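Asker: this is the structure alone, sequence omitted:
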């Protein structure tokens, strides 16, 4: 068995038979942590942008993990309630 055939089989096994896009292959398997804040009215604002999708296949190959911090009350609301 030639080395090229062995590499191809290993890639197929690792990528689940999808073959994968050659343009974003090095980005696959990476984990991107994105932080966000959820305000009292329910809106979620992300602090960082998501990674750009691959120009060839259009997918974002990274695994995204979004950590949402819930904002219960702002500092102004707390200081006003303590003052009043």
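Answerer: Noted; the coordinates are in hand. Bear in mind the structure is a predicted one, so any value in this text is a computation, not a measurement.
Asker: show me the shaky parts of the chain.
Answerer: Counting by pLDDT under 70, the ranges of the chain that qualify are 15-20, 73-74, 77-84.
Asker: rerun at 80
Answerer: 1, 11-20, 40, 71-84 (pLDDT under 80).
Asker: quick one, strands of it?
Answerer: With DSSP state E as the definition, the chain shows strands at residue ranges 31-38, 44-46, 63-70.
Asker: the first one pairs with which strands, and in what direction?
Answerer: Each strand paired with strand 31-38, and its direction, by DSSP bridges: strand 44-46 (antiparallel), strand 63-70 (parallel).
Asker: tell me which of those strands lies nearest to residue 27.
Answerer: strand 63-70 (10.3 Å; Cβ to Cβ). In short, each C-beta sits where N, CA and C put it, glycine included.
Asker: what about the closest one, distance to the chain center?
Answerer: 8 Å (Cα atoms, centre = their mean, to the nearest Å).
Asker: also stretch 26-43?
Answerer: With Cα atoms, centre = their mean, you get 6 Å for stretch 26-43.
Asker: please apply the same query to stretch 47-57.
Answerer: Per Cα atoms, centre = their mean, the centroid offset for stretch 47-57 relative to its chain is 9 Å.
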